[in-house]
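Undergrad: Whatever this is, show me its structure:
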Amino acid sequence: MNKNDTFGVIGVCGANGNLIARILKQRGYNVIGTDLSFKKDCRFAKSLEGYDIDVFYGKTPEAFFKKSDYIIPPASLPKDSDVLKNCDKPILELYDIIEMIKPEKPVFGITGTNGKTTSTTLLKKIAYDNGIKPCEHDLEGMQGNAEFIPILQSRLDGDVGILEVGTFGVPGTVGRVVKNTSMTGGVITNITPDHLNDLGSFMDYANVKAEFIKELDGKTLIVNGQDPTIMGLLRELDYKGEVITFGVDELPDSVGMKECVCGREIAVKEIISGCGYYFCQCGITTPQVDYIATNVDLKNRTFDLHTPDEKLTVKMGVDGLHNVYNLIGVIIAAHKFLDLPYDKILPSVASFTGVSGRMEEVAKVKGKDIFVDYAHNPAGVETVLKEFKKLFGDFTTVITVSSESGYPGDLGIFNSVLKFSKFIVPASVASHKIAIEKLEDNPKLNDRIFLNHISDFKKTGTLGASQEEVRDGLIKALNLDCEMVIAIGEAATKFKSVIFEL
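TA: Got it, this is the predicted structure:
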């Protein structure tokens, strides 16, 4: 292969095809593309602008094959398809591109059950603020934390790769991302139950996250030391790299049970859901962490951070104790991975106001403040609502969630909503079913649970409600005697435009 070769990419309107075309073009190769979609329907056409890539939309003409020296089809295209049947050019697979082009930059990953997106976004902001350019996938509307997107993203232009690493509940996904990006270090925010429908048990899910630890063995991990699952996996896997731990010095306000890696159920004196002070007979116990936050003042958004060398005063632009954890992990990562002094990091932390859809104040309607939050698993919902209760007092929760852990996850979410909310409006089919069960068991809840109109909407992943159901749920919530409304779940963030309509 040489720089005069032309690569023909089939399916440039798909995520992988789009990224492959841009990677090859950035490396100086000639690239042409084709897609059955017309340009107006091409989801990622905007990210191809400025790349000087000729694209045949709506068809794959003979000229496409004549101009190409190599053909790169999407993985989903059968080898005996009509498009490839008469192709006489060498065909390259996705993994051929991955092998052919390496990241050639430092790559760091952020994984965990909750807090990944916030942490990744903040670490990128710190990089940008200091003249360091992270590679970006630029796929509009795509979170891009799993499958092959992070792997391909790491090969795009940039000074550094800062990748959010998810699972989608599929074993092998995390390990594949770490391995194929030549990752040199990472952050683990927490590990709490999720994707149980796909993986069966909490420890099955934890072991998928453990692929991050296995593949980074001998390198550097920044971890929440107050999470017994993370610390247990590090021990079980005999991790031999550098481990930097962090935590928060706060009094626990609840006790939760969590499965230990040894199989026992252990009590966790929780600071946030699933994290705090713990001890198991197998020897897993809360360590003396390397970085610890003290004097946390959520009202004034400040805390002191004790590092191994000095004490820092940190000002936050976001709310919540869970975000104190997120911020500490990022501050350490910026210092360790980006090699920045703290005085170059803290101004970015202070000016960071969060990620769209995470504790996001959207509007004031009828004098009531409306927030949305993407929380979609039991630990995430409990953590967010606990923080809302501390910060704001009474609120109404509109539930748009359908848990990826099925009924147990939906029940856990509903129980957390019931624990912290003044009023509840179940706007998803899953939450509506549980609400009916709760009302049958305890009719006294009639003055707290207000059933919503539910259609025949079919859930997709964690998207548990339709736009109409979200709108109806918000209208019902706005008519209740409470000055604050929070809509939780993927549907709440996806359809938040209905708030402006109201």
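Undergrad: Okay, helices next: where are they in the stretch 251-400 of the chain?
TA: Remark: helices assigned in the stretch 251-400 of the chain by DSSP state H, counting those that start in this stretch are 321-336, 342-351, 378-392.
Undergrad: The shortest one vs helix 321-336, what angle?
TA: Regarding helix 342-351 and helix 321-336, their directions subtend 150 degrees when assessed with axes from the mean of the first three to the mean of the last three Cα atoms, to 10 degrees.
Undergrad: What helices and strands are in contact with helix 342-351?
TA: helix 116-129, strand 311-315, helix 321-336 (3 or more Cβ pairs under 8 Å, 6 or more residues apart in numbering; DSSP states H and E). Yep, even glycine has a C-beta here, placed from its N, CA and C like the rest.
Undergrad: how about CSV for those, with mean neighbour count and distance to residue 352 added?
TA: Below are these laid out as CSV (neighbours: other Cβ atoms under 10 Å; distance: least, Cβ to Cβ, whole Å):
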stretch, mean neighbour count, distance to residue 352
helix 116-129, 22, 5
strand 311-315, 14, 10
helix 321-336, 25, 8
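Undergrad: Make JSON lines from the ones you listed and add distance to residue 230 and mean pLDDT to it.
TA: JSON lines is the format used below for the helices and strands packed on helix 342-351 (distance: least, Cβ to Cβ, whole Å; pLDDT from 0 to 100):
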{"stretch": "helix 116-129", "distance to residue 230": "14", "mean pLDDT": "95"}
{"stretch": "strand 311-315", "distance to residue 230": "22", "mean pLDDT": "97"}
{"stretch": "helix 321-336", "distance to residue 230": "11", "mean pLDDT": "96"}
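Undergrad: Sheet partners, orientation included, of the helix or strand that contains residue 108?
TA: Secondary structure from DSSP states H and E places residue 108 in strand 107-111. Using DSSP bridges, the strands paired with strand 107-111 in its sheet are strand 161-164 (parallel), strand 185-188 (parallel).
Undergrad: I'd like the ones you listed as JSON lines, with distance to residue 281, mean neighbour count and mean pLDDT appended.
TA: Putting the strands paired with strand 107-111 into JSON lines (distance: least, Cβ to Cβ, whole Å; neighbours: other Cβ atoms under 10 Å; pLDDT from 0 to 100) gives the following:
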{"stretch": "strand 161-164", "distance to residue 281": "35", "mean neighbour count": "26", "mean pLDDT": "96"}
{"stretch": "strand 185-188", "distance to residue 281": "24", "mean neighbour count": "26", "mean pLDDT": "97"}
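Undergrad: And the helices in the stretch 1-150 of the chain, which stretches?
TA: So, for the stretch 1-150 of the chain - with DSSP H, counting those that start in this stretch - the helices run 15-26, 62-67, 82-85, 94-100, 116-129, 149-153.
Undergrad: Select from the ones you listed the stretch with the lowest mean pLDDT.
TA: Among those, helix 82-85 carries the lowest mean pLDDT, a mean of 75.
Undergrad: what helices or strands is that one leaning on?
TA: Helices and strands touching helix 82-85, by 3+ Cβ pairs under 8 Å, 6+ apart: there are none.
Undergrad: Ignoring the adjacent residues along the chain, who's closest to residue 291?
TA: residue 246 (4.2 Å; Cβ to Cβ, 6 or more residues apart in numbering).
Undergrad: ok, how many other residues are close to that neighbour?
TA: For residue 246, the neighbour count with other Cβ atoms under 10 Å is 24.
Undergrad: sec struct for it, please.
TA: strand (DSSP: H, G, I helix; E, B strand; the rest coil).
Undergrad: Okay, and the beta partners of it?
TA: residue 224, residue 291.
Undergrad: got the contact list for it?
TA: Listed by Cβ atoms under 8 Å, 6 or more residues apart in numbering, the contact set of residue 246 reads 222-225, 289-293, 325, 328-329, 332.
Undergrad: just residue 46 next, same as before
TA: residue 140.
Undergrad: change it to 10 Å
TA: Applying Cβ atoms under 10 Å, 6 or more residues apart in numbering to residue 46 gives the contacts 138, 139, 140.
Undergrad: ranges for the helices of the stretch 401-502 of the chain?
TA: Using DSSP H, counting those that start in this stretch, helices in the stretch 401-502 of the chain cover 406-420, 429-441, 467-478, 490-494, 497-501.
Undergrad: Let me have those in TSV, extended by mean neighbour count and distance to residue 231.
TA: As requested, the helices of the stretch 401-502 of the chain are exported to TSV (neighbours: other Cβ under 10 Å; distance: least, Cβ to Cβ, whole Å):
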stretch	mean neighbour count	distance to residue 231
helix 406-420	20	23
helix 429-441	18	33
helix 467-478	22	39
helix 490-494	25	30
helix 497-501	13	41
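Undergrad: Reformat these into JSON lines and put distance to residue 124 and mean pLDDT next to each item.
TA: Below are the helices of the stretch 401-502 of the chain laid out as JSON lines (distance: least, Cβ to Cβ, whole Å; pLDDT from 0 to 100):
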{"stretch": "helix 406-420", "distance to residue 124": "29", "mean pLDDT": "89"}
{"stretch": "helix 429-441", "distance to residue 124": "33", "mean pLDDT": "90"}
{"stretch": "helix 467-478", "distance to residue 124": "29", "mean pLDDT": "90"}
{"stretch": "helix 490-494", "distance to residue 124": "20", "mean pLDDT": "87"}
{"stretch": "helix 497-501", "distance to residue 124": "26", "mean pLDDT": "83"}
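Undergrad: of all these, which lies closest to residue 10?
TA: helix 490-494 (29.8 Å; Cβ to Cβ).
Undergrad: what's across from the residue lying closest to residue 254 once chain neighbours are set aside in the sheet?
TA: Closest residue to residue 254 apart from its sequence neighbours, by Cβ to Cβ, 6+ apart: residue 270 at 4.9 Å. With DSSP bridges applied, residue 270 shows beta-bridge pairing to residue 254, residue 276.
Undergrad: got a list of what the residue nearest to residue 378 when sequence neighbours are not counted touches?
TA: Closest residue in space to residue 378, ignoring its immediate chain neighbours: residue 412 at 3.3 Å, by Cβ to Cβ, 6+ apart. Applying Cβ under 10 Å, 6+ apart to residue 412 gives the contacts 193, 196, 377, 378, 379, 381, 382, 403, 405.
Undergrad: quick one: pLDDT of the fifth one?
TA: At residue 379, the pLDDT value in this model is 80.
Undergrad: check contacts around the closest residue to residue 380 other than its chain neighbours.
TA: Distances taken as Cβ to Cβ, 6+ apart place residue 114 nearest to residue 380, at 4.5 Å, with adjacent residues excluded. Contact partners of residue 114, counting by Cβ under 10 Å, 6+ apart, are 189-192, 194, 272-275, 322, 325-326, 358, 374-377, 379-381, 383-384.
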